[in-house]
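Predicted model and sequence below, questions to follow.
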Amino acid sequence: MSALQQRIGWIFALFLGLLAVAAARTAYLGILRSAALRKDASTQQLTDETVIAPRGTIFDRNGIELAVSEPARDISADPYLLANPLQAAQRLAPLLGKSEAVVLRELSQRAGFVYLSRALPGAQAERILALKIPGVTATPVMRRVYPRGGLAAQVLGVVGTEGEGLEGLEYSRNAQLAGQAGERRVVSDAIGQPVSITESHPEVPGKALSLTLDANIQQRTEDVLGAVGRVFEPKDATAIVMDPRSGAILALANWAQAGAREGASAPDALTDRAVSFDYEPGSTFKVIAVSGALQEGLITPETGFNIPDQIQVADRTIHDDTEHPEETLTTSQILARSSNVGAIKIGMLEGASSFNDWVHRFGFGAPTGVDLPGEEQGLTLALNHYSGSSMGNLPIGQGELVTPMQMATAYSAIANGGILPPPHVVASIGGRRLALPPGHRVISSATAASVRHMLEGVLAPGGTASEVSIPGYQLAGKTGTASKIDPATGEYSKTAYVASFIGFAPASHPKLLCAVVVDEPQAGSIYGGAVAAPAFGQIMSFALPYMGIAPG
Amino acid sequence: MTPPATGGATAAASRAYAGAPLSLRRERALPGTRRRPRPAAPRRVSGAAPDGHAPASARHAQAQGGLALWLRALYARVATGRLLGRLIAGKAWIALVAFALIGIVTMQLGLLELNTTIGRLLEREGSLQRENAALSIENSEIAAGDRVETLAGKLGMELVPAGALRFLTPRPGDLARAASVLNASAPGASSAAVPSEGQALASGEQSLPSEAHPEGRTQASASGAAGAGASGAPASSGGESAGASGQAASNGVASQAPSPAPSSEASTPASSATPTQPSSVTGAASSPSSSPSQGQAGSGGSAGGETGVGGGTGTQPAAGQ
């Protein structure tokens, strides 16, 4: 054997030896330690991640974000894995925004899992993870942010810690907003770099919601209601600004809204009273009796009525607001002065059956169908339950329950040439415009025009809201001051009232409608003309030029 | 492997056994005797087998035997074949195997790199999502009416009071003038129209104390131009562009203001208005105080709307606001 062959033989033997060692090692790892290594690999290298779907953004009508989802992390810890809880608490506390003592108490729990913070903003969570504290982990979640704070809180609602809508549109449109979480399997290498990513279920992001709300009008409306709250100290107040031509709600505010989302105020602070507050409307309801009688040709705006300051209906005596000698008032004057006796006379002229029919035609006793959760339908007296005195209080807005949304919608019909528009707050979902149900005619356009003209008198000298005016704009509307039932006595209270005003402008071709309802004003005045009408004026004086509506 | 013949015999035997009476089968299973091994093939139902057809088990065994034979023959053919011999004997196979190995390794590396890139991109996606959300939040906060009003106030602007908003009635000649301006609104013509608007509102501009409000002067000229467009000055496109520049000139205030709404809404009265309705105008000439009115063109939402209304006069002369 030559030297070369011998060397080749040695090299071959060496390689053979190395191969044998490798084979032995492979057998050791692959057979003897197979189970343990497989388990380790699955926990260290293989991760099944849930890909959280971002919740849809909620925009106002101008594309201003009202609710945004932001990637965040739930920070949790396994106290059993923490070698030095005190040191960990010292490092974590400033980043978590908690005191060291609180964090230490959490880390000292005898549990394998404890939340340190929920939905921590991404950047903050990254800083915590950068500390690389063993046992501290972060779970990706989505955090709901409301950039305008409490703006339209009752409309938008709120999202729970698990990302589900709890109130408002967040609740009622949860299916569209939430999207669907995805799943992803990630295999990482020894240094944690992903080497294989398999998406088993791609996530489906939530759809964006575009509202008809206008953030600026909403802000102004809330500011005005806030001022009403400070001055008159009511129990509650609500305001609706609507385009009567389409039923699009431009603003919907509730007082007290401050801190509503944080739960700082009353427990029902997120309740949208515009759709859930049942109240007796009082004088604002007189328009329904007058519209019906006008439509039936029983009266005209100039029809005169002999009006004493009180009237006996069955066993009840109903008074006008002030004592006055018997006088003759036209229909227009009855509305302008808000005469109870006059409205009752018109209602009685109309008859119970016809009046009841008009009440339902204007949409009372049924939900308006507005796309907001928790809508009440109010309460109207069935015709067969009318008593002898029913027509003594129903035409003046007593004995029936309505919601502010129902009243605003009914007045929209008058402003909109007799066609009742479908009130709505959601314009489009996922970029697709929502089909709205068509409005339906309630009264003729001529009747609507007559009523609008008569309602101008309410804000004219001698009317119940004569102090409210917006230079250049002809306003129309109706005040309402309704006694509330005292639950203790079951009688109408002498101290608790609902003051309201519903109006629109420009009176001849209304393009904006505003309803203000103030529940139980405590300080100052209790009258709709003094409490709610000025608020209407302030809201409209901003909204009319803002919307580019020409005076008229 | 069970030869086909054996399989067939077993099957035949089982068939015969299956056909025997019950008593006979009991006799064969006497205690103490060894049980016969279970037939390999499944027992068939009683009755004669169809002629000329082998049982399924037999066919299966035959097929298996055939496959083995075929494989053996293939191996023999390849082993003795010259192609493989030449491939192994030559050096080409080394290159072939090396190429294959390098290809596999390259593919694996590529795959790893791809996955790593995907991982990085996912991280980037997450950070972009965060960034996007943060920007959305910032956008919403910046567009807040209060903030815009405050900033506009610092620039000497104020929200136009509802009563200060004036509208002009179109005159008989306005329609023809506007139409002629529209025809002449080719590039170059509009730039010539702008100075004439500025001249039209020169008084408004002059009334602003430039020393006291150096920034306001810029606003004044811009809003003056916008107002001119509204007042029926012969420059429709110029009026609009001037209005736009007025907004842009307001240190970003107007651009942050919710201008889309007012401008879009502004077209509503313009389009729906009858010729008898008063046409809208805002700006210095009609405002009670010159200085605030100058700022209206860029001061927040309402101002944007009014500017839009003003611009609409020129662009929609038929409506007449």
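That came through fine.

Would you check how far apart the residue in the stretch 451-552 of chain A positioned nearest to chain B and residue B:161 are?
Here the residue of the stretch 451-552 of chain A nearest chain B is residue A:471; by C-beta to the nearest C-beta that distance is 2.7 Å. C-betas here are computed from N, CA, C, even on glycine. To residue B:161, residue A:471 is 8 Å away according to C-beta to C-beta, to the nearest Å.

and if you look at residue B:73?
From residue B:73 to residue B:161 the distance is 104 Å (C-beta to C-beta).

can you check residue A:137 too?
Residue A:137 sits at a distance of 58 Å from residue B:161 (criterion: C-beta to C-beta).

cool, residue A:352 as well?
Applying C-beta to C-beta to residue A:352 and residue B:161 gives a distance of 48 Å.

circling back: between residue A:471 and residue B:161, who's got more neighbours?
residue B:161 (17 against 11; other C-beta atoms under 10 Å in any protein chain shown).

Can you give me every residue that contacts that one?
A:471, A:541 (C-beta atoms under 8 Å, 6 or more residues apart in numbering or on different chains).

top helix in the chain by residue count?
Answering for chain A, as no chain was given. When chain A is parsed with DSSP state H, its longest helix is helix A:3-27.

try chain B instead
Longest helix in chain B, counting by DSSP H: helix B:92-142.

any idea which helix or strand comes after that helix?
Downstream of helix B:92-142, the first helix or strand assigned by DSSP states H and E is helix B:145-154.

Show me what that following helix is packed against.
Contacts defined by 3 or more C-beta pairs under 8 Å, 6 or more residues apart in numbering or on different chains; DSSP states H and E place helix B:145-154 against helix A:215-232, helix B:253-256, helix B:300-315.

angle of that helix against helix A:215-232?
90 degrees (axes from the mean of the first three to the mean of the last three C-alpha atoms, to 10 degrees).

Helix B:145-154 - what's its average pLDDT?
Across helix B:145-154, pLDDT averages out at 88.

Buried residues, that helix. List them.
Neighbour-count burial for helix B:145-154, counted by 16 or more other C-beta atoms under 10 Å in any protein chain shown, picks out B:145, B:148-149, B:151-153.

Distance to residue A:108 for these - can I get that in JSON lines?
Below are these laid out as JSON lines (distance: C-beta to C-beta, whole Å):
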{"residue": "B:145", "distance to residue A:108": "49"}
{"residue": "B:148", "distance to residue A:108": "50"}
{"residue": "B:149", "distance to residue A:108": "51"}
{"residue": "B:151", "distance to residue A:108": "50"}
{"residue": "B:152", "distance to residue A:108": "54"}
{"residue": "B:153", "distance to residue A:108": "54"}
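
which one of these is nearest chain A?
Nearest member of the buried residues of helix B:145-154 to chain A, counting by C-beta to the nearest C-beta, is residue B:145, at 4.2 Å.

ok, the closest one touching residue A:221?
No. Using C-beta atoms under 8 Å as the test, residue B:145 is too far from residue A:221 to be in contact (11.4 Å).

any idea of the pLDDT on residue 268?
I'll assume chain A. 69.

That was the other one, I meant chain B.
33.

that's a strand at residue A:367, yeah?
No. Using DSSP: H, G, I helix; E, B strand; the rest coil, the secondary structure at residue A:367 is coil, not a strand.

Let me see the contact set for it.
By C-beta under 8 Å, 6+ apart, residue A:367 lies in contact with A:375-377.

What is the subsequent helix or strand relative to the longest helix of chain A?
Heading C-terminal from helix A:3-27 (DSSP H and E), you reach helix A:34-44.

That following helix versus helix A:3-27: what angle between them?
70 degrees.

contacts for helix A:34-44?
A:29, A:188.

coming back round to it: could you single out the nearest of the buried residues of helix B:145-154 to residue A:494?
Ranked by distance to residue A:494 (C-beta to C-beta), the buried residues of helix B:145-154 are led by residue B:145 at 41.0 Å.

Excluding chain neighbours, what is closest to the closest one?
residue A:216 (4.2 Å; C-beta to C-beta, 6 or more residues apart in numbering or on different chains).

Could I get the full set of strands for the stretch 151-300 of chain A?
A:158-159, A:165-167, A:182-188, A:194-201, A:209-211, A:236-243, A:248-255 (DSSP state E, counting those that start in this stretch).

Indicate which one of these is closest to residue A:77.
Ranking these by proximity to residue A:77 (C-beta to C-beta) places strand A:182-188 first, at 21.7 Å.

List of residues touching that closest one?
For strand A:182-188, contacts defined as C-beta under 8 Å, 6+ apart pick out A:44-51, A:53, A:194-204, B:115, B:119.

Got a quick PyMOL command for the buried subset of those?
Of these, the buried ones can be selected in PyMOL as follows, counting by 16+ other C-beta under 10 Å:
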select buried, (chain A and resi 45+51+53+194+195+196+197+203) or (chain B and resi 115+119)
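
what's the average pLDDT for the helix or strand harbouring residue A:537?
Element membership of residue A:537, judged by DSSP H and E, is helix A:528-546. Averaging pLDDT along helix A:528-546 yields 93.

Now find how far off-centre that helix is within its chain.
Taking C-alpha atoms, centre = their mean, to the nearest Å, one finds helix A:528-546 lying 22 Å from the centre of the chain it belongs to.

Helix A:215-232 and that one, what's the angle between them?
Going by the same axes, to 10 degrees, helix A:528-546 makes 160 degrees with helix A:215-232.

Which secondary structure elements does helix A:528-546 sit against?
Using 3+ C-beta pairs under 8 Å, 6+ apart: helix A:528-546 touches helix A:215-232, strand A:236-243, strand A:248-255, strand A:476-485, strand A:492-505, strand A:512-519, helix B:300-315.

Just send the contacts of residue A:367 back as TSV, with secondary structure too.
TSV is the format used below for these (three-state DSSP):
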residue	secondary structure
A:375	coil
A:376	coil
A:377	coil
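
Counting neighbours, which of these comes out on top?
Of these, with other C-beta under 10 Å as the count, residue A:375 tops at 20 neighbours.

so what's the residue nearest to it when sequence neighbours are not counted up against?
Of all residues not flanking residue A:375 in the chain, residue A:275 sits nearest, at 4.1 Å (C-beta to C-beta, 6+ apart). Applying C-beta under 8 Å, 6+ apart, we find residue A:275 in contact with A:368, A:370, A:372, A:374-376, A:403-405.

let's go with 10 Å and repeat that
For residue A:275, the contact set (C-beta atoms under 10 Å, 6 or more residues apart in numbering or on different chains) comprises A:154-155, A:238, A:240, A:252, A:367-368, A:370, A:372-377, A:403-406, A:423, A:425.

The host helix or strand of residue A:86: what's the following helix or strand?
Following DSSP H and E, one finds residue A:86 within helix A:85-96. Once the chain leaves helix A:85-96, the next helix or strand it forms, by DSSP H and E, is helix A:100-107.

and stretch A:481-493, what's its mean pLDDT?
90.

how near is residue A:405 to residue A:275?
Residue A:405 is 5 Å from residue A:275, by C-beta to C-beta.

Now do the shared contacts for these two.
A:238, A:240, A:252, A:367-368, A:370, A:372, A:375-376, A:423.

In three-state terms, label residue A:71 for me.
strand.

Thanks again, I'm all set now.
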